[in-house]
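[1] no FASTA, just this:
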């Protein structure tokens, strides 16, 4: 029924067993152990990209966790409206909850497939998916410190006798693997919990953190009594990969976020004025219009523009000539007198006319003063 899972898992294990069997021998226990470990790492390498997306999705969820709390509090009595607002918020932030669970969901069929393939290595079987009868017998005969990879601690004695294995040897090999796998499970969960945002913590989150940090490692320790040694190596290799992958991915994402923050700060510092410098204000000084031209509409004339125009006519420090206005007004009369004298006495010169006009003007001035 699940052959689409069993065959790929079996073929990958067959490939790595051939690689290490060429070096250590096909029936050597180390060849099968390394084959199982690299089978796990190959499958996890395929899931590396989805894992990165999972971490990014979790970080996004932690960023808008306070907004989710507000929605939960606002629509506490309306579950349908609460779900709608949650979906709207997730769509705005580009968060996909299914994508965050994808790597974990994909590991389940891998575990089921490997568990079934390893338990199918039974003496007398002529084939096991990708392995022929010789491959099956090679796995059955693989010896690891007096134990077989298909042995487990609670295995019936008849099965141990059939495989020519000793229970004490099985316990000595299985217990250290169980303890180490349990410790790595705890460290992996602890590293993930420490990266969570405290503001996004809820009651359910606290319960899940305790389950992953304490209950799951304890479960690995207890179920190890029923797991074959080969499957314990799978669990150990999987937890080791997860721990190292988390450290690498979180460090990479932290550096990216730090670079974005530094870039934003640098932009702000470039736009801000330097310390001690006043912000420049563009002030347009009004320009005085040229003499004889009208000022343009909307443009104010320069201050003291009129005074500047008059200063050009009279130089600073120069006094106007005395009786300039009177002299200016007397000129037309003098011309009139000259005309009349010219008609009466045609033989007289210009000097006589000018003398008469000056005498008349003096008499008029002296008469005004006496009055």
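    Received, thanks. This structure is a prediction, so every number in the text was calculated from the model and none was measured. Residues are numbered from 1 along each chain as shown.
[2] Which stretches in the stretch 101-250 of the chain count as helices?
    Per DSSP state H, counting those that start in this stretch, the stretch 101-250 of the chain carries helices over the ranges 133-141, 157-162, 167-194, 203-210, 216-223, 229-271.
[3] And for residue 247, the neighbour number?
    Using other CB atoms under 10 Å, residue 247 has 12 neighbouring residues. Quick note: C-beta positions are derived from backbone N, CA and C, even for glycine.
[4] got a list of what the closest residue to it other than its chain neighbours touches?
    Sequence neighbours aside, residue 191 is the residue nearest to residue 247 in space, at 6.9 Å (criterion: CB to CB, 6 or more residues apart in numbering). Residue 191 sits next to 243, 246, 247, 250 when contact means CB atoms under 8 Å, 6 or more residues apart in numbering.
[5] Point out where this protein drops to low pLDDT.
    For the chain, applying pLDDT under 70 flags the ranges 62, 65, 93-104, 197-203, 272-371.
[6] Could I get the full set of strands for it?
    143-144, 147-148 (DSSP state E).
[7] Give me whichever of these is most buried.
    Ranked by mean neighbour count under mean count of other CB atoms under 10 Å, those are led by strand 147-148, which reaches a mean of 27.
[8] what's in contact with that one?
    Contacts of strand 147-148 (CB under 8 Å, 6+ apart): 140, 141, 142, 163, 165, 166, 169, 170, 172, 173, 174, 229.
[9] Could you pull up the residues touching the fourth one?
    It stands for residue 163. Counting by CB under 8 Å, 6+ apart, residue 163 has contacts 123, 140, 148, 150, 151.
[10] nearest residue to the second one other than its sequence neighbours?
    Read that as residue 140. Nearest non-adjacent residue to residue 140 (CB to CB, 6+ apart): residue 123, at 5.2 Å.
[11] rewinding a little: could the strands of the chain be laid out in a markdown table, adding distance to residue 68?
    A markdown table is the format used below for these (distance: least, CB to CB, whole Å):
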| stretch | distance to residue 68 |
| --- | --- |
| strand 143-144 | 50 |
| strand 147-148 | 50 |
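[12] Nearest to residue 6, out of those?
    Nearest to residue 6 among the strands of the chain is strand 147-148; the distance by CB to CB comes to 21.2 Å.
[13] Paired strands for that closest one, with orientation please.
    Looking at strand 147-148 with DSSP bridges, its partner strands are strand 143-144 (antiparallel).
[14] burial measure for residue 88, as a count.
    11.
[15] Give me the distance between it and residue 75.
    12 Å (CB to CB, to the nearest Å).
[16] follow-up on the earlier one: out of the helices of the stretch 101-250 of the chain, nearest to residue 49?
    Per CB to CB, nearest to residue 49 of these: helix 229-271, 10.6 Å.
[17] That closest one vs helix 167-194, what angle?
    Calculated by axes from the mean of the first three to the mean of the last three CA atoms, to 10 degrees, helix 229-271 forms an angle of 20 degrees with helix 167-194.
[18] Which other helices and strands does helix 229-271 contact?
    helix 29-46, helix 48-63, helix 97-119, helix 167-194 (3 or more CB pairs under 8 Å, 6 or more residues apart in numbering; DSSP states H and E).
[19] looking at these, which is closest to residue 10?
    Among these, helix 97-119 sits nearest to residue 10 (CB to CB), with 5.1 Å.
[20] for the residue nearest to residue 140, what are its contacts?
    Residue 123 sits in contact with 137, 140, 162, 163, where contact means CB under 8 Å, 6+ apart.
[21] List buried members of the residues you listed by neighbour count.
    Among these, those classed as buried by 16 or more other CB atoms under 10 Å are 137, 140, 163.
[22] Which single one of the residues you listed is nearest to residue 55?
    Out of the buried ones among the contacts of residue 123, the member with the shortest distance to residue 55 (by CB to CB) is residue 140, at 40.8 Å.
[23] one step back: present the contacts of residue 123 as a markdown table; the columns should include distance to residue 254.
    As requested, these are arranged in a markdown table below (distance: CB to CB, whole Å):
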| residue | distance to residue 254 |
| --- | --- |
| 137 | 50 |
| 140 | 48 |
| 162 | 53 |
| 163 | 49 |
